[in-house]
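# Only the shape, not the letters, is given here:
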Ligand SMILES: Nc1ncnc2c1ncn2[C@@H]1O[C@H](COP(=O)(O)OP(=O)(O)OP(=O)(O)O)[C@@H](O)[C@H]1O
């Protein structure tokens, strides 16, 4: 996998506040990488540093294997804050102005309008747009120079449910075009729904990192029930891939070592002559894990 961004021990201090603390992450090409953390955890500061608008106190980062430069910046599209569009000009005219400012080809306007689903509304003035449409237009402007990477800070903040759904769907569509996306969010739900990878930040420090599906599946809990709970416990004790188990009101809750799944338990029980009346996988949500991370940090 090609590495798009490599952040190495990056730190930023504002006076007495350590906004980002020795952060190291790698973003692979084609991923939708979520930087997740509560307010004040250092997400915007991190994005500011990697976009060369905030000077790091220490540490380094590379884009496409190189230090940030005029050339690498042209391969990155970014939306850190809502751009100033002209309310009485149409979507198309606003994009023409944005393309002029960026030195982007005017021919790309048709493509980005199509990409964000606003080609039917290109002659509508900006002030007539819903908040979701305004945000989609902002993303269109960030895509004018056909960047390989799109960096978004809290892309659904302040939007109504319809706008949130539109923008999330758009992010997935842009990723499907082969672009890499890096987004900061304080919403667990957003990261779970949209991202392939996540880095969890707490007070500027990296608390967890990895593929969203791995983080989700790593701590799944199985709940099994059988008429013969005692015999089932005897069997569980002999199974090397059972990490832990706990009898609870007629059922048994267990976790498995990585690489094993409910079918392995089912098979082992069946072979031992035990019939399971219940076998349920309880997925630990990223939210539950996120709260654990925050709690353990506070200890
Ligand atoms: N220019 C600045 N001067 C002083 N402190 C700052 C500055 N910018 C950010 N901070 C502080 O650094 C910490 C991290 O802020 P940052 O904005 O990066 O967090 P965030 O995770 O993006 O949160 P939010 O979503 O609320 O913006 C916070 O404590 C914030 O108050």
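Arrived safely. Values in this document were obtained by computation on a predicted structure and should not be read as measured data.

# hey, where'd the helices end up in the stretch 1-150 of the chain?
Secondary structure of the stretch 1-150 of the chain (DSSP state H, counting those that start in this stretch): helices located at 43-50, 70-73, 91-102, 108-115, 131-142.

# and the fourth one, which residues are buried?
So the one you mean is helix 108-115. For helix 108-115, burial by neighbour count (16 or more other C-beta atoms under 10 Å) applies to 108-109, 112-113, 115. The way it works is simple: take the backbone N, C-alpha and C, and place the C-beta from them, glycine included.

# follow-up on the earlier one: and of the helices of the stretch 1-150 of the chain, who's closest to the ligand?
Taking C-beta to the nearest ligand atom, helix 43-50 is the member of the helices of the stretch 1-150 of the chain nearest to the ligand, at 3.2 Å.

# can you list contacts of that closest one?
Among residues not part of helix 43-50, those counted as contacts by C-beta atoms under 8 Å, 6 or more residues apart in numbering are 5, 7, 10, 12, 19-20, 23, 35-37, 54-56, 61, 63, 68, 78, 80, 151, 153, 182, 184-186, 201, 204.

# quick one on the thing from earlier: how about JSON lines for the buried residues of helix 108-115, with pLDDT added?
Listed next are these as JSON lines, based on pLDDT from 0 to 100:
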{"residue": "108", "pLDDT": "93"}
{"residue": "109", "pLDDT": "95"}
{"residue": "112", "pLDDT": "95"}
{"residue": "113", "pLDDT": "96"}
{"residue": "115", "pLDDT": "93"}
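
# mind listing which of the contacts of helix 43-50 are in strands?
Counting by DSSP state E, the part of those found in strands is 5, 7, 10, 12, 19-20, 23, 35-36, 61, 63, 78, 151, 153, 182, 184-185, 201.

# List the buried residues for the longest helix along the chain?
Scanning the chain for the longest helix, with DSSP state H as the assignment, gives helix 161-176. With burial defined by 16+ other C-beta under 10 Å, the residues of helix 161-176 counted as buried are 163-164, 166-168, 170-171, 174-175.

# Likewise for stretch 178-191?
179-188, 190-191.

# re the thing from before, what subset of the ones in strands among the contacts of helix 43-50 is also close to the ligand?
The residues of the ones in strands among the contacts of helix 43-50 that also fall near the ligand, by C-beta under 6 Å from any ligand atom, are residue 19.

# hang on, the earlier thing: for the helices of the stretch 1-150 of the chain, give me JSON lines that also has distance to residue 277.
Converted to JSON lines, the helices of the stretch 1-150 of the chain look like this (distance: least, C-beta to C-beta, whole Å):
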{"stretch": "helix 43-50", "distance to residue 277": "46"}
{"stretch": "helix 70-73", "distance to residue 277": "59"}
{"stretch": "helix 91-102", "distance to residue 277": "59"}
{"stretch": "helix 108-115", "distance to residue 277": "51"}
{"stretch": "helix 131-142", "distance to residue 277": "47"}
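
# and these as a markdown table, adding distance to the ligand?
Putting the helices of the stretch 1-150 of the chain into a markdown table (distance: least, C-beta to the nearest ligand atom, whole Å) gives the following:
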| stretch | distance to the ligand |
| --- | --- |
| helix 43-50 | 3 |
| helix 70-73 | 21 |
| helix 91-102 | 24 |
| helix 108-115 | 27 |
| helix 131-142 | 16 |
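
# Of all those helices, which one comes closest to residue 266?
The minimum distance between residue 266 and the helices of the stretch 1-150 of the chain falls on helix 43-50, with 41.8 Å, by C-beta to C-beta.

# can you list the domains in this structure?
For the chain, automatic domain parsing gives the domain ranges 3-215, 220-283.

# quick one: the shortest one to chain centroid distance?
Taking C-alpha atoms, centre = their mean, to the nearest Å, the mean C-alpha location of domain 220-283 is offset from the chain mean by 32 Å.

# again with stretch 170-180
Centroid displacement of stretch 170-180 relative to its chain, using C-alpha atoms, centre = their mean, is 13 Å.

# which residues touch that stretch?
Contacts of stretch 170-180 (C-beta under 8 Å, 6+ apart): 4, 27-33, 115-117, 136, 139, 143, 147-150, 152, 155, 181, 183, 194.

# hmm, try it at 7 Å
Under the criterion C-beta atoms under 7 Å, 6 or more residues apart in numbering, residues 4, 27, 29-32, 115-116, 136, 139, 148-150, 155, 181, 194 lie in contact with stretch 170-180.

# So which of these wins on neighbours?
For the contacts of stretch 170-180, the largest neighbour count, defined by other C-beta atoms under 10 Å, is 26 neighbours, found at residue 136.

# Please name the residues that touch that one.
Applying C-beta under 7 Å, 6+ apart to residue 136 gives the contacts 116-118, 166-167, 170.

# ok, back up a step: what about the longest helix of the chain, average pLDDT?
For helix 161-176, the mean per-residue pLDDT is 94.
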